[in-house]
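>>> predicted structure and sequence below. I'll ask about it afterward.
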Amino acid sequence: MKYRLAAIGLAPFLIAQGLYVRHVMPRLPEPPGERSGVNGSGPPLSLLILGDSAAAGVGVPTQSQALSGQLVTALGSDFQVCWKLMAQTGHKAQEVVAKLKTAAPETFDVVVTSVGVNDVTHGTKSNKWIDQQGQIISLLQSKFNCRHIFLSSIPPMHLFPALPKPLRWYLGARAKRLNSELKKIAEGCDQCEFVTTNIPLEATYMAEDGFHPGALAYSIWANYIAGIIRNRLA
């Protein structure tokens with residue numbers, strides 16, 4: 001209740017700050033590089049990386065330094081990874097649902113999602129967020145035969161260097177609320193796991209825009225998820 005009342009009172013200031021941040025923040029491109037392939041040796045493992053600009057690797061020069069490249073490399077020491085990246089800057093949960101609905105059916109052993117930052121910044125309501133995340137999971141299970149779904153948490157946006165206060169506080173509070181819902185969804189799904197990665201948000205780890213991960217952050221994220229995947233498959 002206090003959060004909602006404070007948000008209402010601060011609404012004009014929050015809107016102004018949001019417009020300002022959109023105007024001054026550098027717009028980084030999705031990095032070039034392969035978005036599918038086969039890498040490594042060992043038992044076969046099919047992998048899908050799904051979601052938004054963080055999944056797409058925004059913040060680094062090449063896909064090899066992004067989540068996809070570093071995760072595939074980390075898993076390649078234990079598996080022959082047949083992988084695919086299905087991610088786009090700006091995608092909210094509803095766009096991810098639409099993408100999955102129009103994509104051709106495939107089979108993936110493991111899916112790693114990164115969906116939520118754009119829902120936070122665009123004000124997606126919690127009930128819609130819950131429904132859309134449920135649709136994503138259902139499509140991954142029914143259309144893509146996914147055995148293991150790793151739902152990456154929304155990062156702690158209250159610590160993003162690019163965001164001024166109180167906008168930083170407001171978006172951080174919304175991120176926490178949606179993460180709480182995502183964790184509940186994962187707890188009710190045997191094939192799902194909610195993944196929180198403790199990535200430092202100092203400038204060294206962030207991209208130049210102060211909003212997206214840099215190469216070090218992607219490395220921590222990729223290696224942490226690779227460890228969880230190994231443990232789960234074992």
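Perfect, I can see it now. Residues are numbered from 1 along each chain as shown.
>>> CA only for contacts and neighbour counts going forward, please
Will do.
>>> can you give me the pLDDT of the nearest residue in space to Gln88 that is not next to it in sequence?
The shortest distance from Gln88 to any non-neighbouring residue, by Cα to Cα, 6 or more residues apart in numbering, is to Asp52 (5.0 Å). Predicted confidence (pLDDT) for Asp52: 98.
>>> swap in Leu19?
If you check Leu19, the pLDDT there is 77.
>>> next: Pro26.
So, for Pro26, pLDDT stands at 89.
>>> packing partners for the host helix or strand of Val120?
Using DSSP states H and E, Val120 maps to helix 117-121. Applying 3 or more Cα pairs under 8 Å, 6 or more residues apart in numbering; DSSP states H and E, one finds that helix 117-121 makes contact with helix 167-187.
>>> circling back: and the helix holding Val120, C-alpha only, in PDB?
What follows is helix 117-121, C-alpha atoms only, in PDB (Å, rounded to 0.1, in the frame of the first residue of the first chain):
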ATOM      1  CA  VAL A 117      13.000  -5.800 -17.400                       C
ATOM      2  CA  ASN A 118      10.800  -4.400 -20.200                       C
ATOM      3  CA  ASP A 119       7.700  -5.500 -18.300                       C
ATOM      4  CA  VAL A 120       9.000  -3.500 -15.400                       C
ATOM      5  CA  THR A 121       9.700  -0.300 -17.400                       C
END
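>>> from the chain's centroid, how far away is it?
With Cα atoms, centre = their mean, to the nearest Å as the basis, helix 117-121 stands 11 Å off its chain's centre.
>>> and that helix, what's its mean pLDDT?
pLDDT averaged over helix 117-121 gives 96.
>>> now the element after that helix, going C-ward?
In N-to-C order, the element after helix 117-121 by DSSP H and E is helix 126-142.
>>> quick one: contacts for the residue lying closest to Asn145 once chain neighbours are set aside?
Excluding the flanking residues, the one nearest Asn145 by Cα to Cα, 6+ apart is Thr107, at 5.2 Å. By Cα atoms under 8 Å, 6 or more residues apart in numbering, the residues touching Thr107 are 46, 143-146.
>>> please apply the same query to Pro32.
61-63.
>>> run the last query once more with 6 Å
Thr62 (Cα atoms under 6 Å, 6 or more residues apart in numbering).
>>> ok, it to Gln63 distance?
For Pro32, the distance to Gln63 (Cα to Cα, to the nearest Å) stands at 6 Å.
>>> what are the ranges of the helices in the protein?
2-24, 53-56, 67-75, 93-102, 117-121, 126-142, 167-187, 215-233 (DSSP state H).
>>> give me the buried positions along the last one.
Judged by neighbour count (16 or more other Cα atoms under 10 Å), helix 215-233 contains these buried residues: 215-226, 229.
>>> again, but for the fourth one
Within helix 93-102, the residues scored as buried using 16+ other Cα under 10 Å are 93-97, 99-100.
>>> format those as JSON lines; extra columns: pLDDT.
Shown next, in JSON lines, are the buried residues of helix 93-102 (pLDDT from 0 to 100):
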{"residue": "Ala93", "pLDDT": "98"}
{"residue": "Gln94", "pLDDT": "98"}
{"residue": "Glu95", "pLDDT": "98"}
{"residue": "Val96", "pLDDT": "98"}
{"residue": "Val97", "pLDDT": "98"}
{"residue": "Lys99", "pLDDT": "98"}
{"residue": "Leu100", "pLDDT": "98"}
